[in-house]
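Novice: next comes the sequence, and after it the predicted model I'd like to discuss.
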Amino acid sequence: MDKSDILIVGAGPTGLTAALTLARRGIKPRIIDKRAEPITTANALVIQPRTLEVWEDLKIVNDALQQGHRLVGAEIFTKNKVIFDLSYQDLPTRYPYMLAWPQARTEHLLATHLASAGVKVERGIELENLLETENGISAVCNGVTSNYRWVVGCDGANSTARQSAKITFKGKESFQHFIMAEICVDWSRTSDKIIITLSDDGPFAFFPQDNKGTGRLVFDVSRDQRLKYEKNPTFDDFKKLMNRRAGVKATLQEPNWISTFWIHNNIAKDYRKGHLFLAGDAAHQHSPFGGQGMNTGIQDAYFLGNLLADVIEGKQSEKELARYEKVRKSVGKHVIRQSAMMTTIITMRSKPLKWLINVLLSEFSSFPTLTHTAAMRISQLTFR
């Protein structure tokens, strides 16, 4: 197939995965991104086992395993006591762990292998409009109009592809505000598990990136009168919050970067419209708790890329493309519900309800079958 027959909009993890999946099948798409340079901050961080299986098929997993940091589960603390211990070590996979692998590295890894397969990201190229034609889509990029058989919109929550197709993107908005930093923490907690602490002052989480204390530190500041609308928190803010919430002695070093985010829960009404497909944040947006977002987008792209390749190679009829929305929208809805539930549990502030949740989490943790089921869902191994 000619390179111009498929256009992929957006060169984040989702778009790069779609392009690499096609390239591994001998199909070279065009992939564009309006950013002149790749991102340098971490953003998404955790690679789930199911995604590692996808990366094995794409022949990139070994590169990631050599450099990434393995996390075997998560622990939830309250008053310096573990009330919930989630383990990945008994999962039915060759990769019974999460990989701490920042998004910037993910994009570099995917782009490097994509270039080796003969496809290079065209940067500084912005999609301006899409128009459905009789046999495909007409796309306007940087003022130039080109025709494509299919377009895959992987251009984020503010997707131009989705907006051009007039696909609604609605859901339940959350007003929870979080601040985060890539920072080194010197404390007594383990470095091979995600640490979540539920304090009276509010929850926080730490995602280790190595054995030396570096990781992602995230605080819920939604109820903090000074910080709940603050867009530029300081290092001093993080030190004060850590002192109030950690439950153990913890020393912070100067962060590499600081950022903030609000939670949004939205899903596209349609994952497909004519010859346009949506994937990743262009199709679904939700809480980052559980490390689901980037992984879900990568798996959207992998599923769609292989489905398109099957149709192009004549292994499936074009009618089979309807499977993409049927399968992946169902997954997207599930992930939004699951992430919202986890966020509600972790950020609960009502003292009676918080006490009840702590008791239930402690009881839940004592049943291996239940914790295994939870690990299967969060690891995304239930999505095949």
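Specialist: In hand now; what should we look at?
Novice: next SSE downstream of the lowest-mean-pLDDT helix or strand in the chain?
Specialist: Within the chain, no helix or strand scores below helix 351-365, which has a mean of 79 by mean pLDDT, DSSP states H and E. Next helix or strand after helix 351-365 toward the C-terminus (DSSP states H and E): helix 368-378.
Novice: so what touches that next one?
Specialist: Identification of contacts with helix 368-378 by C-beta atoms under 8 Å, 6 or more residues apart in numbering yields 48, 73, 85-88, 90-91, 290-292, 338, 364-365, 382. To be clear about C-beta, it is placed using only N, CA and C from the backbone, and glycine gets the same treatment.
Novice: and which of the residues you listed is nearest to Thr160?
Specialist: Distance to Thr160 across these (C-beta to C-beta) is lowest for Gln292, with 24.2 Å.
Novice: nearest spatial neighbour of the closest one, skipping sequence neighbours?
Specialist: Residue nearest to Gln292 in three dimensions, not counting chain neighbours: Val335, with 4.8 Å by C-beta to C-beta, 6 or more residues apart in numbering.
Novice: and Asp224, by the same measure?
Specialist: Going by C-beta to C-beta, 6+ apart, Asp224 has Gly202 as its nearest residue, at 7.1 Å.
Novice: what about the stretch 251-384 of the chain, any weak spots by pLDDT?
Specialist: With pLDDT under 70 as the threshold, the stretch 251-384 of the chain has low-confidence stretches at 290, 384.
Novice: just the strands in it please.
Specialist: Shown for the stretch 251-384 of the chain, the strands assigned by DSSP state E, counting those that start in this stretch span residues 251-252, 257-264, 266-268, 272-273, 276-278, 284-285.
Novice: format those strands as JSON lines; extra columns: distance to Ala181 and mean neighbour count.
Specialist: Compiled in JSON lines, these are given as follows (distance: least, C-beta to C-beta, whole Å; neighbours: other C-beta atoms under 10 Å):
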{"stretch": "strand 251-252", "distance to Ala181": "8", "mean neighbour count": "16"}
{"stretch": "strand 257-264", "distance to Ala181": "5", "mean neighbour count": "16"}
{"stretch": "strand 266-268", "distance to Ala181": "26", "mean neighbour count": "20"}
{"stretch": "strand 272-273", "distance to Ala181": "38", "mean neighbour count": "22"}
{"stretch": "strand 276-278", "distance to Ala181": "32", "mean neighbour count": "29"}
{"stretch": "strand 284-285", "distance to Ala181": "23", "mean neighbour count": "25"}
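Novice: show me the helices in the protein, by range?
Specialist: Assigned helices in the chain, in chain order: 13-24, 49-57, 61-67, 103-116, 160-164, 235-245, 293-312, 322-347, 351-365, 368-378 (criterion: DSSP state H).
Novice: most tightly packed of these?
Specialist: Neighbour counts (mean count of other C-beta atoms under 10 Å) averaged over each of the helices of the chain peak at helix 13-24, with a mean of 28.
Novice: what is that one packed up against?
Specialist: For helix 13-24, the contact count by 3 or more C-beta pairs under 8 Å, 6 or more residues apart in numbering; DSSP states H and E identifies strand 6-9, strand 30-33, helix 103-116, helix 293-312 as packing neighbours.
Novice: quick one, it and helix 49-57 angle?
Specialist: Helix 13-24 and helix 49-57 are oriented at 30 degrees to each other (axes from the mean of the first three to the mean of the last three C-alpha atoms, to 10 degrees).
Novice: for the record, mean pLDDT for helix 13-24?
Specialist: Here the mean pLDDT over helix 13-24 is 98, rounded to a whole number.
Novice: could you tell me the angle between that helix and helix 293-312?
Specialist: With the same axes, to 10 degrees applied, the angle from helix 13-24 to helix 293-312 works out at 30 degrees.
Novice: distance between helix 13-24 and the chain's centre?
Specialist: When distances are taken as C-alpha atoms, centre = their mean, to the nearest Å, helix 13-24 is centred 16 Å away from the chain's centroid.
Novice: restricting to C-alpha, output that helix in CSV.
Specialist: Coordinates of each C-alpha in helix 13-24 appear next as CSV, following Å, rounded to 0.1, in the frame of the first residue of the first chain:
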residue,chain,number,x,y,z
PRO,A,13,2.5,6.7,22.1
THR,A,14,-0.8,5.9,20.5
GLY,A,15,-0.1,7.3,17.0
LEU,A,16,3.4,5.8,17.0
THR,A,17,2.1,2.4,18.0
ALA,A,18,-0.5,2.5,15.2
ALA,A,19,2.3,3.4,12.7
LEU,A,20,4.7,0.8,14.0
THR,A,21,2.0,-1.9,14.0
LEU,A,22,1.3,-1.2,10.4
ALA,A,23,5.0,-0.9,9.5
ARG,A,24,5.6,-4.3,11.0
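Novice: tilt between it and helix 103-116?
Specialist: Counting by the same axes, to 10 degrees, helix 13-24 points 20 degrees away from the direction of helix 103-116.
Novice: buried stuff in stretch 180-189?
Specialist: Taking 16 or more other C-beta atoms under 10 Å as the neighbour-count basis, stretch 180-189 is seen to contain the buried residues Met180, Ala181, Glu182, Ile183, Cys184, Val185, Trp187, Arg189.
Novice: any chance of the helices and strands packed on helix 13-24 in JSON lines, plus distance to Thr347?
Specialist: Shown next, in JSON lines, are the helices and strands packed on helix 13-24 (distance: least, C-beta to C-beta, whole Å):
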{"stretch": "strand 6-9", "distance to Thr347": "34"}
{"stretch": "strand 30-33", "distance to Thr347": "34"}
{"stretch": "helix 103-116", "distance to Thr347": "23"}
{"stretch": "helix 293-312", "distance to Thr347": "17"}
